[in-house]
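Chemist: Need a 3D model of the sequence below.
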Amino acid sequence: MQIRKKYTGEAEVFTEALNDILFILLMFFLIVSTLANPNVIKLSQPKSNGDSKAKQNVVISIDANKQYFIGTTPVPLDSIQFALQPILDKEKTEIPTVVINADKSVEIDAVVNVMKISKNLGAKTVLSVEKE
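Modeler: As a prediction, the model looks like this:
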């Protein structure tokens, strides 16, 4: 006499909702990564009351040790023009914009040098400051 029924099916893992969860996580991380600030060079900027926004085509940073960065790549002052030229040529805007992030302890000569270089390349310069 056989009382127990034999179950011939195999164990299965329910994975239909897994695709939805992974898609939502992927979208979340893509959105969060676009909100991250690409300027990771720590600078203490001068303060200003003005509020002018410019489209940031190229960001040049100058830290307290007078080290120059295009984006996050360190570049010596002598080769800023050669490194900046191909970046500005790729821009599709009529007049490209160079945003200068300078530490407030940097002498104005360093900022003016970068402004001259970008003017020679036909770009508009904007000095980035912190809002008071």
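Chemist: C-alpha only now, for contacts and for neighbours.
Modeler: Fine.
Chemist: Okay, now the unreliable bits of the chain?
Modeler: 1-2, 36-56, 131-132 (pLDDT under 70).
Chemist: Just give me the neighbour total for Ser105.
Modeler: If you count neighbours by other Cα atoms under 10 Å, Ser105 ends up with 15.
Chemist: Excluding sequence neighbours, find me the nearest residue to it.
Modeler: Ala64 (6.0 Å; Cα to Cα, 6 or more residues apart in numbering).
Chemist: residues making contact with the host helix or strand of Asp109?
Modeler: Per DSSP states H and E, Asp109 falls inside helix 108-120. Applying Cα atoms under 8 Å, 6 or more residues apart in numbering, the contact partners of helix 108-120 are Ile62, Lys66, Ile80, Gln81, Val98, Ile100, Ala102, Lys124, Thr125.
Chemist: separation between Gln85 and Ile3?
Modeler: 85 Å (Cα to Cα, to the nearest Å).
Chemist: which one of the two has more residues nearby?
Modeler: Gln85 (15 against 5).
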